[in-house]
Every structure is written in C-alpha cells, then in structure tokens.
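>>> Test case, fold it:
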Amino acid sequence: MIEREMAKTSTSGASLASALRALAEDSGARSETARLRDVFADIEAALSAGVRREAVLATLHENGFTMTFTGFKSALQRIRKERTEASSKAG
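Here you go, the predicted structure:
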C-alpha cells in the first residue's frame, strides 16, 4: 500500500513538474518582459553593435512580440536594473 502511494506521489510530482516546464516554455503563458529576458543578451549585443532600438523592436514584432516602443524601452531598463542589482548582490 505504501509503495503504491509513493509511486502515485512520484508520478503526480513528475506530471506537475512536466506541466510547469511546459508553462515556462509556452510563450502565450509568459509576459513579454519574461520572454524579453530570454533574449536580453542578444538584444544588448545588437544595441552595442549600433543597431537602433526601433530595428530591434521591429525584429521582435516579426517574432510574436506586441509591445510598444515605450514598453520596450521600459522593459529594457527594468531588466538592466535587475541584472545590475543581482550582480552587486553576488559580488
């Protein structure tokens, strides 16, 4: 009886973990800022190379993003601040 309960718990735990991973990978379930964090390093590389923010946002729009230019700038600032704070806490 105990073995069956343990098997049930581990199976439901695995199912839950799988369901949560699927949510994390589902772009429809995540905010645009969360998705922007996924590609932030690439965005910064493009901006550092001299690509205009408008061109980066246009590329994001071509790939499913719908944020406005103002929202994009604001999200970049928030992500930069988060990363600066995280690195100062780590160091």
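
>>> so what's Arg37 up against?
Ile79 (Cβ atoms under 8 Å, 6 or more residues apart in numbering). For the C-beta atoms, the positions are set from N, CA and C on the backbone; glycine is no exception.

>>> the domain parsing of this structure - what is it?
The chain breaks down into these domains under automatic domain parsing: 1-29, 31-91.

>>> Among those domains, show me which one is buried the most.
Of all the domains of the chain, domain 31-91 has the most neighbours on average by mean count of other Cβ atoms under 10 Å, namely a mean of 13.

>>> how about the helices in this structure?
All helices of the chain, identified by DSSP state H, fall at 2-25, 32-38, 40-48, 53-62, 69-90.

>>> Take these and write them to TSV, including mean pLDDT.
TSV is the format used below for the helices of the chain (pLDDT from 0 to 100):
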stretch	mean pLDDT
helix 2-25	69
helix 32-38	95
helix 40-48	98
helix 53-62	98
helix 69-90	94
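
>>> so how far is stretch 35-55 from its chain's centroid?
14 Å (Cα atoms, centre = their mean, to the nearest Å).

>>> so Phe69 touches Val56, yeah?
No: in this structure Phe69 lies outside contact range of Val56 using Cβ atoms under 8 Å: 10.2 Å.

>>> Now Gly50, what are its backbone angles?
phi 100, psi 10 (degrees, to the nearest 10).

>>> Quick check, pLDDT for it.
pLDDT, Gly50: 98.

>>> Can you tell me how far it is from Arg21?
Per Cβ to Cβ, to the nearest Å, Gly50 is found 37 Å from Arg21.

>>> Spit out the contact partners of Phe65.
Glu32, Arg35, Leu36, Leu57.

>>> swap that for Leu23, sorry
Leu23 sits next to Ala29, Arg30 when contact means Cβ under 8 Å, 6+ apart.
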